[in-house]
Structures are given as structure tokens and as C-alpha cells.
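Undergrad: The amino acid sequence is not available; the structure is as follows:
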């Protein structure tokens, strides 16, 4: 893979990672409820899901999914339902984040990892991103090292970006102000997730 091709891949991966959406909302929620470590765990679990999609596209399964609309629709519906469930959980929190903080009982690291991985694996827009944009770079990866770069680049970029977000949000000058607004942030996150779920379903039906 040439350096020019890799720079193009890097640019697209950066734009994809930086686009606001449910992934950002999830990292924010776990950073607020559990602190920096929870946010970072959520971030890298999310990046593993991104790596899975990169590997799937590389192996050619992305093309299979694109040519099998029933399979894609099932994945999309499951993804929409997962987003809606996360949104309802956020709307019903009633300040749960603040209560856990006061009781020194933050959400477990396992939960942070589960939500980070789930929000990436069950987000149909990520699958569409890889099918529409990322797959063009697969053709340029005709060696093992090139294939490794194809999978590692989006995984690392995604993990580093959301780690950066978690570190900024958990700064001593920032986190207390955000925690004071935790209920509002939960409600906004919940509304965004539900709107995204509805949008996915409307596109399907």
C-alpha cells in the first residue's frame, strides 16, 4: 500500500471517528458515571467493533451483506432496536449517574466495555460507512502488511479519538461541571439515540 493511499484511508477514518453520534454519547455517559478509566475502556471496546467491521470488509463479507438485503435488514433492525433500548435506558436514568457517583458505585468496567462494543457492532451506519467508503481501499491491500494496515488504521484511530474525548471530559476542570449536568446529558443522549433508531427504521420501511 502506498503512503498516498494510506493517507487517504487515515483521513476518512478520522472523519468517521470524529462524526458526532451515539458512539460519542456512549463514551460521554461512561466517562461521567465512572470517570476516565471507564471512558477509555468504552472507547477501546468501541474500536474493537470498528476493527471487526474492517476485517469483515477486508474478507469480502461486506460485499455479501450488500448483495443480501435480507441479512442487511436484519442487522439494521437489530441495530435500531439496540439503539432504542440504550436511549430508553438513558431517558429513565433519573440522575442514576449522580447517585452512583455519590455512593462511589460507578458502572462496572465490563458494562462500559459491553456498551462500547455493542454501540459499534449494532450501528448500521458504521456498516454503511465501511461498505460505501472503506471498501475501496481493500483493493489496494494486496499484501499481508497492507491488509494489516487496512484493519489496524480505523481501529487505532477510533480508539485514540475517543480516548482523547474521555481524557478531556475527565479533566478536573471539566468533569465536575459536566457531572452537575449529568441528568440533562442523559436525557439528550437518550433522545439522540431514539431519533437515530427511528431514522434507521424509516429508511428500511
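TA: Here it is on my side, so go on. Just so you know, these numbers come straight off a predicted model, no measurement behind them.
Undergrad: helices or strands up against the helix or strand that contains residue 160?
TA: Residue 160 belongs to helix 144-169 when assigned by DSSP states H and E. If you count contacts as 3 or more Cβ pairs under 8 Å, 6 or more residues apart in numbering; DSSP states H and E, helix 144-169 packs onto helix 3-18, helix 22-34, helix 36-58. C-beta here means a position set from N, CA and C on the backbone, and glycine is covered the same way.
Undergrad: Against which helices or strands is the last one packed?
TA: If you count contacts as 3+ Cβ pairs under 8 Å, 6+ apart, helix 36-58 packs onto helix 22-34, helix 61-67, helix 109-121, helix 124-129, helix 135-138, helix 144-169.
Undergrad: now the ones you listed as JSON lines including distance to residue 85 and mean pLDDT?
TA: Output for the helices and strands packed on helix 36-58, formatted as JSON lines (distance: least, Cβ to Cβ, whole Å; pLDDT from 0 to 100):
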{"stretch": "helix 22-34", "distance to residue 85": "12", "mean pLDDT": "83"}
{"stretch": "helix 61-67", "distance to residue 85": "23", "mean pLDDT": "67"}
{"stretch": "helix 109-121", "distance to residue 85": "10", "mean pLDDT": "90"}
{"stretch": "helix 124-129", "distance to residue 85": "15", "mean pLDDT": "75"}
{"stretch": "helix 135-138", "distance to residue 85": "29", "mean pLDDT": "66"}
{"stretch": "helix 144-169", "distance to residue 85": "21", "mean pLDDT": "90"}
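Undergrad: Make CSV out of those helices and add mean neighbour count.
TA: Putting those into CSV (neighbours: other Cβ atoms under 10 Å) gives the following:
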stretch, mean neighbour count
helix 22-34, 25
helix 61-67, 14
helix 109-121, 20
helix 124-129, 20
helix 135-138, 18
helix 144-169, 18
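Undergrad: Would you reformat those helices as JSON lines and include distance to residue 53?
TA: Converted to JSON lines, those look like this (distance: least, Cβ to Cβ, whole Å):
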{"stretch": "helix 22-34", "distance to residue 53": "13"}
{"stretch": "helix 61-67", "distance to residue 53": "8"}
{"stretch": "helix 109-121", "distance to residue 53": "8"}
{"stretch": "helix 124-129", "distance to residue 53": "6"}
{"stretch": "helix 135-138", "distance to residue 53": "11"}
{"stretch": "helix 144-169", "distance to residue 53": "8"}
